[in-house]
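**Student:** What follows is a protein structure lacking sequence information:
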């Protein structure tokens, strides 16, 4: 799934390439994206907040897209809302880890009706692991919604 997700990111989010976004892991349950510091460095020598947010947002979009696509649907996933907290600067390459909610979680329901809007799985928490040992430098919480196009007869 990694090459397929890389292609989706390049097609739907052209800025992914200049940011240096790399797909480390891609499954319907977990998405891990990495980005190098060099093209994302701010004047303080740490990762630009906008780049960190962009990486986490892409992970939040990719999770539900892969999940619904794995069910044979062709979803139109958008992030309806999100908020991000930066606990500390990322002074090296950084990462977004987006994990699907547990199956029993009510926010994990997948829309079944075609043509209607509905909530996609809540790939909400995306810690930014900015150092090799995996320090969490921030967290994002968001809600993705999807519209599954109607089946054409």
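**Tutor:** Okay, I see it. Quick caveat, the model's predicted, so the values are computed rather than measured.
**Student:** looking at it, residue 97 is touching residue 30, isn't it?
**Tutor:** Yes: assessed by Cβ atoms under 8 Å, residue 97 is found in contact with residue 30 at 7.1 Å. The C-beta positions use only the backbone N, C-alpha and C, and glycine is treated the same way.
**Student:** Just want to know which of those two has more residues nearby.
**Tutor:** Each of residue 97 and residue 30 has its neighbours counted (other Cβ atoms under 10 Å); residue 97 has more, 20 against 15.
**Student:** Can you name the residues bridging to the more buried one?
**Tutor:** In this entry, residue 97 is beta-bridged to residue 32, by DSSP bridges.
**Student:** what's the spacing between it and residue 140?
**Tutor:** As judged by Cβ to Cβ, to the nearest Å, residue 97 and residue 140 stand 10 Å apart.
**Student:** Which positions within stretch 56-70 qualify as buried?
**Tutor:** For stretch 56-70, a neighbour-count test (16 or more other Cβ atoms under 10 Å) marks 56-69 as buried.
**Student:** number of nearby residues for residue 49?
**Tutor:** A total of 15 residues lie near residue 49 under the criterion other Cβ under 10 Å.
**Student:** er, residue 11 actually
**Tutor:** Look at residue 11: counted by other Cβ under 10 Å, it has 9 neighbours.
**Student:** Residue 24 reaches residue 32, doesn't it?
**Tutor:** Yes: applying Cβ under 8 Å, one finds residue 24 in contact with residue 32, separated by 4.2 Å.
**Student:** Setting aside sequence neighbours, what's the nearest residue to residue 18?
**Tutor:** residue 39 (6.3 Å; Cβ to Cβ, 6 or more residues apart in numbering).
**Student:** Can you show me the helices along this structure?
**Tutor:** 2-12, 16-19, 49-70 (DSSP state H).
**Student:** which residues of this structure score low on pLDDT?
**Tutor:** Along the chain, segments meeting pLDDT under 70 span 1, 70-73, 102-136, 148-153.
**Student:** For the closest residue to residue 65 other than its chain neighbours, give me its contacts.
**Tutor:** Closest residue in space to residue 65, ignoring its immediate chain neighbours: residue 77 at 4.8 Å, by Cβ to Cβ, 6+ apart. In this structure, residue 77 makes contact with 61, 64-65, 68, 120, 144-146, judged by Cβ atoms under 8 Å, 6 or more residues apart in numbering.
**Student:** is it possible to export those to TSV including distance to residue 89?
**Tutor:** Converted to TSV, the contacts of residue 77 look like this (distance: Cβ to Cβ, whole Å):
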residue	distance to residue 89
61	25
64	29
65	30
68	35
120	31
144	27
145	32
146	34
